[in-house]
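Chemist: build me a model from this:
(2 chains)
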Number of protein chains: 2
Amino acid sequence: MFKARITVTLKNGVLDPQGKAIEKSLGALGFDGVGSVRQGKVFDVELDTKDGLKAAKDLEAMCEKLLANTVIEDYHVDVL
Amino acid sequence: MFKARITVTLKNGVLDPQGKAIEKSLGALGFDGVGSVRQGKVFDVELDTKDGLKAAKDLEAMCEKLLANTVIEDYHVDVL
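Modeler: Here you go, the predicted model:
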């Protein structure tokens, strides 16, 4: 069995209103010196297979097809 | 300046309907052997300070006060 963590983040230059809102909220809570906040997603995926190569290929394909919008998002796969 | 990545994930045992939906969608897309999917959030935070200890304390406090719901979520801070 393989466990993987997929991290999906917005590409540089893509506006992140949610991150901006968090930035302002942190300022309002009294945290000074908060430069920038960007929000992304993580997916912890368990795969029932013994074939590491197939698992890696599948994880990549999952990102391309469903988990990330590759026009505006980058993804990174870590096998744990 | 400090860059940190905060990862917020649901605690074990907490239902994750979004993860379940992704699980089913991956099955429908033809990925077999997908065991479980859990979704979480990441926050990339930049802090304008030179004081590493203050930065670490601030990041922890941000999680407790705003970024994570500690009743149902765990958080992890990585300073990059």
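Chemist: so for A:Lys50, what pLDDT did the model give?
Modeler: What the model reports as pLDDT for A:Lys50 is 89.
Chemist: run a quick neighbour tally on it.
Modeler: Neighbourhood size, A:Lys50 [other C-beta atoms under 10 Å in any protein chain shown]: 10. C-beta: built from backbone N, CA, C; applies to glycine.
Chemist: name the residues of the strand ranked longest in chain A that are buried.
Modeler: Secondary structure of chain A per DSSP state E: the longest strand is strand A:34-47. Residues of strand A:34-47 classed as buried by neighbour count (16 or more other C-beta atoms under 10 Å in any protein chain shown): A:34, A:37-47.
Chemist: got the angle for the helix or strand just after that strand vs strand B:34-47?
Modeler: The helix or strand immediately downstream of strand A:34-47 is helix A:52-62, counting by DSSP states H and E. With axes from the mean of the first three to the mean of the last three C-alpha atoms, to 10 degrees defining the directions, helix A:52-62 sits at 60 degrees from strand B:34-47.
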